[in-house]
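**Q** take a look and give me a structure for this.
(4 chains)
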2 protein chains.
Amino acid sequence: MRDRDKTSQKILQAVGRLLARAGFAGIGVNALAREAGIDKVLIYRYFGGLPELLRAFAEKGDFWPTIGQLLQRPLADFHSLAEMGEALLKGHLRELRRRPVTQEIMRWELHERNELTEELARYRERQGIEIMDLLPKTPGPRGAAFDYAAMAALIHAGLTYLVLRSKTADVYMGVDLTDEAGWRRLENAISGLLALLEKAG
Amino acid sequence: MRDRDKTSQKILQAVGRLLARAGFAGIGVNALAREAGIDKVLIYRYFGGLPELLRAFAEKGDFWPTIGQLLQRPLADFHSLAEMGEALLKGHLRELRRRPVTQEIMRWELHERNELTEELARYRERQGIEIMDLLPKTPGPRGAAFDYAAMAALIHAGLTYLVLRSKTADVYMGVDLTDEAGWRRLENAISGLLALLEKAG
DNA sequence: TTGACTAGTCACTATGCAGTGACATATACT
DNA sequence: AGTATATGTCACTGCATAGTGACTAGTCAA
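**A** Sure, this is the predicted structure:
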């Protein structure tokens, strides 16, 4: 084909496909070359090696949902902390579920700590802070008694885990992860918890 | 040494050590033989192969905390659902944090689905149901409105994720995972959420 | 003491991997 | 048209892996 850009694209796309299909354990120079239908030497020539290729893949960076994608409504629509928190958490669940590559990256992050995973984590941590800054600053009269950030982290982490787990498990503590009804239960649980916080806050 | 039992033990112990140190990615016949200081052929002779060895390791099964270990107090001490739920969730956090091998197994379960991981999952799912049956059957007047099981699953999953993540991340949405203070914040978040449920329930 | 059994050692095959060097050929420029 | 550059191909080394067959040498029983 004699087209460097196109070949590079094929390689990068192969990363995404292979990642979604086989996970990070399945990522290797040979497997990628096979998947992309190119010679592996081109990976070294165009990217330098596997780590640099992964970095290039990461820098496309279209696997983290934006705040807009999370909320799906203009910011002005939200008034209370609970309302926006609910939208953010449900958005997180929805967007993560539809992103198998993102899921795979997050599974990988649980295993390996390297320059790249650290950078991805920093990126999300920044976004997390950005979101926190976005939230209405009205913790209410007894706000000090509630560590909203910790509660949000806890629920956020819970949703993350359940999505990641749903690849290899059908049920978690009685909640069916293969059925939409199970996920609706979780959404309702979020609503319930945030409604309680709203009332108490 | 000429002692089959002792050699088998050495191999099984090597599984645990290697698992804690290198994770499942680092588990292989050669690596295990090196770690145990034995010849790899003995793994095949005594266990049949790697899958059977892992099964034997799993069947020792001392990495899942018992209900007693979770609660750390006699059952009669607990009266309300919130009280026991709080103890169970905090127990889960505490016991999982002190079990690196258990953590590694759970990380592995996110990647691979095979006969063994399925069995481990079933085992825990059974225990989960057992715990649910243990809880006081007093969901309160508006109990029907709250899906306690889903909420419990959500928080349980959140704690699980944060513990697994703490191996490779220092902070999650502003919560410091390297410091006891961060974990105390999460414990307090559990207490706060359950207190709200108690009041509302 | 002899013979059967078995724990443990060693050497080997086959396979897949990461990475490199040499080469062929299409494209672009002069 | 001729040449340089760079795209793409092929063959190879070196290494680690899983798994097997043959051997040695303790141990136990008759």
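**Q** helices of chain A, start to end?
**A** Residue ranges of the helices in chain A, as given by DSSP state H, are A:4-22, A:29-36, A:41-47, A:50-60, A:67-71, A:81-97, A:100-109, A:115-134, A:148-165, A:180-200.
**Q** now the longest one: how far from the chain's centre is it?
**A** So the one you mean is helix A:180-200. Centre-to-centre, helix A:180-200 and its host chain are 20 Å apart (C-alpha atoms, centre = their mean, to the nearest Å).
**Q** just checking, what packs against it?
**A** Here helix A:180-200 touches helix A:81-97, helix A:148-165, strand A:175-176, helix B:148-165, helix B:180-200, going by 3 or more C-beta pairs under 8 Å, 6 or more residues apart in numbering or on different chains; DSSP states H and E. Backbone N, C-alpha and C define where each C-beta goes, glycine included.
**Q** ok, now with 6 Å
**A** Contact here means 3 or more C-beta pairs under 6 Å, 6 or more residues apart in numbering or on different chains; DSSP states H and E; on that basis helix A:180-200 packs against helix A:81-97, strand A:175-176, helix B:148-165, helix B:180-200.
**Q** in CSV: the ones you listed, plus distance to B:Ala14, mean neighbour count and mean pLDDT.
**A** Shown next, in CSV, are the helices and strands packed on helix A:180-200 (distance: least, C-beta to C-beta, whole Å; neighbours: other C-beta atoms under 10 Å in any protein chain shown; pLDDT from 0 to 100):
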stretch, distance to B:Ala14, mean neighbour count, mean pLDDT
helix A:81-97, 37, 20, 95
strand A:175-176, 36, 18, 98
helix B:148-165, 23, 24, 97
helix B:180-200, 31, 18, 94
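**Q** export the ones you listed as a markdown table, with columns for distance to B:Leu75.
**A** What follows is the helices and strands packed on helix A:180-200, written out as a markdown table (distance: least, C-beta to C-beta, whole Å):
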| stretch | distance to B:Leu75 |
| --- | --- |
| helix A:81-97 | 34 |
| strand A:175-176 | 25 |
| helix B:148-165 | 18 |
| helix B:180-200 | 18 |
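**Q** between the ones you listed, which gets nearest to B:Ala22?
**A** helix B:148-165 (16.0 Å; C-beta to C-beta).
**Q** is that closest one positioned near chain A?
**A** Yes. Under the criterion of C-beta under 6 Å from any C-beta of the partner chain, chain A is reached by helix B:148-165 at B:149-151, B:153-154, B:156-158, B:160-162, B:164.
**Q** what angle do that helix and helix A:100-109 make?
**A** 60 degrees (axes from the mean of the first three to the mean of the last three C-alpha atoms, to 10 degrees).
**Q** helices or strands up against helix B:148-165?
**A** By 3+ C-beta pairs under 6 Å, 6+ apart, helix B:148-165 packs against helix A:148-165, helix A:180-200, helix B:81-97.
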